[in-house]
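Participant: What shape does this take:
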Amino acid sequence: MDYTISTDKAKLDIPLIHDFLSNHSYWAKGRSLAAVKTSIENTHCFGLYDCGDRLIGFTRVLTDGVAFAYLMDVFILESYRGRGLGQYLLDYVLHHSGIQAKVWMLGTADAHSLYEKFGFQSLETGTRYMIRREARLPSNFQTS
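Facilitator: Predicted structure coming up:
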């Protein structure tokens, strides 16, 4: 694949991320540049780049690195959609060695089928919130 993923925040195209989130997403419409910068500073970020090193996708994760992670602001630029890049980015993030969370959450209004491929389930019918649990029960665990 002629695409790379980086966690280097210095590589991120902040104006492009801000433009997408503020002007093209339904979940962050109107988010200020200052808010975007603060959110990037305080989370693990993943940039998806084409062969020319242009940012074409992005996501960020809020986590304690052990038990819980919240996936946010996932996007692929429209001109790059339909190539499996969203799945490529999610697979990378969910298997990243720096995030060993047992429970992942996210919110989506329209991409449930994408996230279901990675084990996410809706918390309840009709909600945008989804959860992915890695159940590791002790060998002596018994259900009643």
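Participant: The residue lying closest to Lys117 once chain neighbours are set aside and Ala101: what is the separation?
Facilitator: Closest residue to Lys117 apart from its sequence neighbours, by C-beta to C-beta, 6 or more residues apart in numbering: Gln87 at 6.8 Å. In short, each C-beta sits where N, CA and C put it, glycine included. To Ala101, Gln87 is 19 Å away according to C-beta to C-beta, to the nearest Å.
Participant: about what we covered before: what's the one helix or strand the residue nearest to Lys117 maps to in contact with?
Facilitator: Using DSSP states H and E, Gln87 maps to helix 85-94. Residues outside helix 85-94 that contact it (C-beta atoms under 8 Å, 6 or more residues apart in numbering) are 1, 3, 5, 46, 48, 56-57, 59, 61, 71, 74, 76, 99, 104, 111, 114-115, 117-118, 132.
Participant: Which helix or strand lies directly C-terminal to it?
Facilitator: Next along from helix 85-94, by DSSP H and E: strand 103-107.
Participant: C-alpha coordinates for that following strand, PDB please?
Facilitator: Extracted in PDB, the C-alpha atoms of strand 103-107 (Å, rounded to 0.1, in the frame of the first residue of the first chain):
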ATOM      1  CA  VAL A 103     -12.400  -1.300  26.400                       C
ATOM      2  CA  TRP A 104     -12.700   1.000  23.400                       C
ATOM      3  CA  MET A 105     -15.600   3.500  22.900                       C
ATOM      4  CA  LEU A 106     -16.600   5.800  20.100                       C
ATOM      5  CA  GLY A 107     -19.500   7.800  18.800                       C
END
